[in-house]
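J.: Generate coordinates for the sequence data below:
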Amino acid sequence: MNRFLEEVREMPCALRRLADYYAGEGHRNLQRFAEIADGCGEIIFAGMGSSESAPLAILPGLSAAGVKGAHGGSIGIRIADAGEWLHYGTAAAPSALAVLVSQSGESFETRALAERGFVSSYVAITNNEHSSLAARANLTLPLCAGDEASVSNKTYANTLAVLYLLSAVLRRKPIEAALEELRSTADRLHALDECAVEAAAQSMAQTEALAFVGRGPAYAAARQCALTFIEGAKMLCAAFSGGAFRHGPVEALGPRLGLVVLAPSGKTQRLVERLASDAAASQARVVCVSDGLPSAIPGVMALCLPPALNEELFPIAVSGLQNLLLYHLCLARGLEPGVLIHCEKITACE
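T.: Residues are numbered from 1 along each chain as shown. Model prediction:
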C-alpha cells in the first residue's frame with residue numbers, strides 16, 4: 001500500500017489514541033493549560049503551514065463566546081504566521097501566552113520565536129515531545145499521532161483535535177464531553193463513498209488550477225486543502241472564504257478551474273451552496289462537500305460525510321475525505337501520492 005494512503009487509513013486510530021491520552025495521563029496537561037491561560041491577557045496561536053491554518057477552526061467559536069480569565073477580564077485571541085512575526089513583529093507582552101504549533105517541533109520560524117525571546121512563556125503543541133520546541137516550553141501538549149512521513153494527514157487532524165480541547169477549556173466546557181465528541185468523529189472519519197471521491201478526483205484532474213472555499217471553521221479546512229493539494233498534486237491551488245471568492249477570484253470561473261466548496265451544516269451553508277451553483281453555471285468543475293444530506297445542485301458533484309456533531313468539528317470530520325480526494329487526484333495525474341520532491345517533511349531553514 002502507498003505510504004500516504006496507509007497513513008490516511010490510520011487517522012481514526014490516531015484520533016482515538018489522542019482522546020484516550022487526554023482522558024487519562026494527559027488530562028492534567030489540560031488542567032495546567034487552564035491555569036496558565038487564566039492569568040494571561042492574550043493568547044497568540046503561531047505556526048507555519050498546517051500549524052498556522054489549524055487554529056482558524058476554533059477562532060470563530062472563541063470569538064463568539066468571548067474568553068474570560070479567572071478575574072473576569074477578557075482574553076484576546078489571535079493567530080500569527082510565525083515567520084512574519086519573527087521578522088516584522090515584536091516580542092509578545094509579558095501578559096501574553098503563546099501557543100506555538102509545530103507538528104515536528106523543529107519548524108525553523110516557530111522554534112526561532114522561542115529561541116530569540118519573542119515569547120516569555122509558551123505552550124507547545126507538537127508530535128515530538130523530545131523536540132527543540134518542547135524542550136523550552138512551559139507546557140507541551142503531544143499530538144499522539146504516531147509516525148508520519150508523507151504530506152500532513154494524521155498530525156493535522158490531531159492538531160485540530162488538541163485545539164478543539166483547548167477551545168473547550170477556554171470556554172469552560174466539560175472536557176469529557178469534548179473527548180467523547182472526538183471519539184465519535186473518529187468513528188465517522190472514513191464513513192464515506194470512496195467511489196464518489198474517486199469520480200470527483202477524476203473530474204478535478206482535468207482542470208489547470210483548484211480553488212477551495214469555506215466559511216467559519218471550514219475555512220481552516222480550505223486552507224489546509226490548498227496547501228496539501230499544491231504539495232501533493234503539484235497544481236496551482238488557493239483558498240478563499242466564501243465572501244472573498246466573490247471579490248475578484250470569481251472572474252476565473254470556467255472549465256479550466258476546479259472549485260471545491262466546503263458546506264457544513266451551519267449558518268452559512270446556503271451561502272456556500274449558492275456559490276457552488278453560480279460556479280457550475282459558469283462551467284467550472286465544482287465539488288460540494290457537506291455533512292448530512294446536501295442540496296441537489298445542477299452541475300455540482302456532491303460528496304457527503306456523516307453529520308458532524310457541530311460546525312467546529314467539521315474540519316476534523318472532513319480531514320479523511322480531503323486526503324482521500326488528494327490521493328485519487330494524484331493517481332489521476334500520474335503522480336505517486338504523498339511524495340514531496342522540492343521540500344522536506346520538516347522545514348528546518350528559511
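
J.: Against V162, how distant is the closest residue to R3 other than its chain neighbours?
T.: Nearest residue to R3 in three dimensions, chain neighbours excluded: S150, at 5.4 Å (C-beta to C-beta, 6 or more residues apart in numbering). No exception for glycine: its C-beta is placed from N, CA and C like everyone else's. Distance check for S150 against V162: by C-beta to C-beta, to the nearest Å, it reads 21 Å.

J.: now do M1
T.: Using C-beta to C-beta, one gets 28 Å for the distance from M1 to V162.

J.: Between the two, tell me which one has more neighbours.
T.: The residue with more neighbours, out of M1 and V162, is V162; 25 against 7, by other C-beta atoms under 10 Å.

J.: Determine the three-state secondary structure at that one.
T.: When classified by DSSP: H, G, I helix; E, B strand; the rest coil, V162 comes out as helix.

J.: wait, doesn't it sit right on N127?
T.: No: counting by C-beta atoms under 8 Å, V162 does not reach N127; the two are 10.2 Å apart.

J.: intersection of neighbour lists for those two?
T.: Listed as contacting both V162 and N127 by C-beta atoms under 8 Å, 6 or more residues apart in numbering are L143.

J.: mind checking which helix or strand the residue nearest to R3 is in?
T.: Using DSSP states H and E, S150 sits within no helix or strand.

J.: could you list every residue that touches it?
T.: Neighbour list for S150: R3, F4, E7, P337, G338, V339, L340, K345 [criterion: C-beta under 8 Å, 6+ apart].

J.: just Q103 next, same as before
T.: If a contact means C-beta under 8 Å, 6+ apart, then Q103 has S50, S51, T126, N127, L143, A145, E148, S152, T155, Y156, T159 as its contacts.

J.: Looks to me like it is in a strand.
T.: No: following the definition three-state DSSP, Q103 is coil and is not counted among the residues of a strand.

J.: Can you tell me how far it is from A157?
T.: 11 Å.

J.: Quickly list what's touching both of those two.
T.: Joint contacts of Q103 and A157 (C-beta under 8 Å, 6+ apart) are A145.

J.: okay, stretch 3-16 in PDB with CA atoms only?
T.: What follows is stretch 3-16, C-alpha atoms only, in PDB (Å, rounded to 0.1, in the frame of the first residue of the first chain):
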ATOM      1  CA  ARG A   3       2.600   5.200   2.400                       C
ATOM      2  CA  PHE A   4       0.400   8.200   2.200                       C
ATOM      3  CA  LEU A   5      -2.800   6.100   1.900                       C
ATOM      4  CA  GLU A   6      -1.600   3.900   4.700                       C
ATOM      5  CA  GLU A   7      -1.200   6.900   7.000                       C
ATOM      6  CA  VAL A   8      -4.600   8.200   5.900                       C
ATOM      7  CA  ARG A   9      -6.200   4.900   6.900                       C
ATOM      8  CA  GLU A  10      -4.500   5.200  10.300                       C
ATOM      9  CA  MET A  11      -6.200   8.600  11.000                       C
ATOM     10  CA  PRO A  12      -9.200   7.300  13.000                       C
ATOM     11  CA  CYS A  13      -6.900   5.200  15.200                       C
ATOM     12  CA  ALA A  14      -4.600   8.200  15.800                       C
ATOM     13  CA  LEU A  15      -7.500  10.400  16.800                       C
ATOM     14  CA  ARG A  16      -8.800   7.800  19.300                       C
END
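
J.: hang on, isn't I79 packed against A57?
T.: No: here I79 lies out of contact with A57, judged by C-beta under 8 Å, at a distance of 10.5 Å.
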